[in-house]
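Visitor: no FASTA, just this:
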């Protein structure tokens, strides 16, 4: 582990132009290969989980799966006035005639009038799979716009799953562009402040961005094994910019520190090798920790989390490779120039990450009162974690999308006029073809029993597949999927109506309840079921990585405890902020009273990985000092003191990147960005500067058990003068 980074750095430093050219060729080849292979997007079959997913598979086998549907709403321009029956009917026929001519359209239903007569709608079923509708919706929207221009006195607008999905993609793209405009300049300013050099500040940003570009291509290749659920770009930017800058910053910091320590007596190549032997090893360990932690998301058995895991692993490993290959070459090329500039100005080269007065003060206080500091800090974080006990997980329904999303204003008006289109239940039954009549009769009995159920509107649609093996019953639900009436009706359907009707059919009969409400309910349930497995694997991986890196079982247990504390506190703050309404105006969101079902699991895994970044870097510095013969107390103070500045700088960069995601329009991305920013702040300024030093000071030499290296080094060195620990901090 120590030799490989040094060998790579030695070659890169000895052949800088080859290394630089090779890196950019690698980036181009990765992107080119990805573009050539194309991305493999996830299909509807990939998203199915639980009973809802099983039901969708049955329906798909019978050709009865949900299809992309667009709805054209026609009403008076004022909205509240009654719509002339003749005029509204003529416009509806015009819409239907235009839509039927489009190759993207499978069928057009007869116009449907609202109960109050103020609106009429035309339902247009598109050809192709449900998730493909957004790719082909533009011609339909163009025809709707043409009808609107022909009838300016009316309001003719189109909405539906395809329109809204397309709008989500467009808004997400503009949001990501805005986050780049926020994060990149602030990151550059931070690095300029740290290095006092434009060239040195540009290097981390350039390598992070090139790593992201290479990862985009590699992720496209990987999507042919793990289908892309459409979230990979978000993860690549979110994780790539953070770890890319961090790893480069750790490496650069050590190189500048060794340069200042040598007083100009070492060559740039020698400095690079020193940095590779120390921080290079820490970067490799950190990258592996993030990658292995992210890999536990594959255990979720969910295409979204598989896509997230793939993106996180790829961008992290590429960032590690960039810091170990092209970075040494760049340092050698600009190192001599930096030294000459510093010499002309009559001062040593700037050294980022040196402990400042505040860190010194905190360390001195922690050294004098480790038990008190540990107790207060842990109690404070446990208090922040307390709201986590009341966390409510829900899938974020379509109604939670920002109203700036294409199709959402029309979505609201459509649902107000036609509540029955808000959601639906679909009961699918698979049996022998000779039993189609018997199955249909049982489903009609079910529909009759639910006619007066408050969760449905009393109507239904019954269809049988061409081979008569699959029969589908669709029940409109005039409630949003997240509401109590909708969820209660699903519970009654599954526990009472289905068992009492189709559940009584004898023989080989397969039944499942799917539909909008079932999807909404089953996804969080699936995540809760997988959560213990993933957390267990994550704890095991974290423990094993720490023990392997530092040969210490005690530090492995400490790492687990601190990561749990950090993640718990950040999730508690997330719950307190987003389940209530007090921060709505501050963070520009409408509270759903819940947390997105994907958010905690994603955060838990990613936070464990990112926490290992600082854990590995800080403990590596402490271990270096201990192996030089310093006592545990001196090693802790020197190690934390020498790393505190760079950890602060790296944390500031991460917080900037993560906090920029709070400005996004999508509630789950807001929650993820907010929680990650809070977690990094707590980890960098509380865990690594207060709790970890206090805990190791109290544990003393037992921190390294069962490793005997630090104790042996201490015995071989003469005892330091009394009080030297505090005197040498800073």
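Guide: Noted; the coordinates are in hand. Here the structure is a predicted model, which means the values were calculated and not measured.
Visitor: could you check which helix or strand contains residue 65?
Guide: Using DSSP states H and E, residue 65 falls within no helix or strand.
Visitor: and it, how many neighbours?
Guide: 20 (other CB atoms under 10 Å). Bear in mind the C-beta positions are built from the backbone N, C-alpha and C, glycine included.
Visitor: next: the one 10 residues further on.
Guide: Other residues within reach of residue 75, judged by other CB under 10 Å, total 23.
Visitor: list the contacts of it.
Guide: Listed by CB atoms under 8 Å, 6 or more residues apart in numbering, the contact set of residue 75 reads 83, 88, 118, 119, 120, 154, 155, 413, 417.
Visitor: residue 364: which of the residues you listed is nearest?
Guide: Set against residue 364, the nearest of the contacts of residue 75 by CB to CB is residue 413 (64.0 Å).
Visitor: quick one: contacts for the closest one?
Guide: By CB under 8 Å, 6+ apart, residue 413 lies in contact with 73, 75, 79, 119, 157.
Visitor: domain parsing for the chain?
Guide: 1-38+196-351, 51-166, 408-521 (automatic domain parsing).
Visitor: reformat these as TSV; add mean pLDDT.
Guide: Below are the domains of the chain laid out as TSV (pLDDT from 0 to 100):
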stretch	mean pLDDT
domain 1-38+196-351	84
domain 51-166	93
domain 408-521	93
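Visitor: can you put those in TSV and add distance to residue 643?
Guide: Listed next are the domains of the chain as TSV, based on distance: least, CB to CB, whole Å:
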stretch	distance to residue 643
domain 1-38+196-351	8
domain 51-166	46
domain 408-521	46
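Visitor: you'd agree residue 501 is up against residue 443?
Guide: Yes - here residue 501 lies in contact with residue 443, judged by CB atoms under 8 Å, at a distance of 7.2 Å.
Visitor: hmm, back to that, out of the domains of the chain, flag the one nearest residue 540.
Guide: Closest approach to residue 540 among the domains of the chain (CB to CB): domain 1-38+196-351, 9.0 Å.
Visitor: to residue 538, which of the domains of the chain lies closest?
Guide: domain 1-38+196-351 (4.9 Å).
Visitor: in helices only, show me the contacts of residue 75.
Guide: 88, 413, 417 (DSSP state H).
Visitor: how far away is the last one from residue 140?
Guide: For residue 417, the distance to residue 140 (CB to CB, to the nearest Å) stands at 20 Å.
Visitor: neighbour count: those two, which is higher?
Guide: Set residue 417 next to residue 140 and count neighbours by other CB under 10 Å: residue 140 wins out with 25 against 21.
Visitor: any idea how far the more buried one lies from residue 146?
Guide: In this view, residue 140 and residue 146 are 11 Å apart by CB to CB.
Visitor: ok, now residue 122?
Guide: For residue 122, the distance to residue 146 (CB to CB) stands at 14 Å.
Visitor: circling back to that earlier point, now for the contacts of residue 75: which two are most distant?
Guide: So, the contacts of residue 75 by CB to CB: farthest apart are 88 and 413, at 14.7 Å.
Visitor: for stretch 436-448, buried residues please.
Guide: In terms of neighbour count (16 or more other CB atoms under 10 Å), stretch 436-448 has its buried residues at 436, 438, 439, 440, 442, 443, 446, 447.
Visitor: between residue 122 and residue 146, who's got more neighbours?
Guide: The neighbour comparison of residue 122 against residue 146 (other CB under 10 Å) goes to residue 122, with 26 against 14.
Visitor: surely residue 160 and residue 406 touch.
Guide: No - using CB under 8 Å, residue 160 makes no contact with residue 406, being 10.9 Å away.
Visitor: of these two, which one has the most company?
Guide: Shown here are residue 160 and residue 406; by other CB under 10 Å, residue 160 has more neighbours (26 against 21).
Visitor: give the bridge partners for that one, please.
Guide: In this entry, residue 160 is beta-bridged to residue 70, by DSSP bridges.
Visitor: got a list of what it touches?
Guide: 68, 69, 70, 71, 124, 133, 137, 407.
Visitor: of these - the most surrounded one?
Guide: residue 124 (29 neighbours).
Visitor: so that one lies in a helix, does it not?
Guide: No - applying DSSP: H, G, I helix; E, B strand; the rest coil, one finds residue 124 to be strand, outside a helix.
Visitor: residues contacting it?
Guide: Contact analysis of residue 124 by CB under 8 Å, 6+ apart lists 69, 70, 71, 72, 99, 105, 107, 108, 109, 140, 160.
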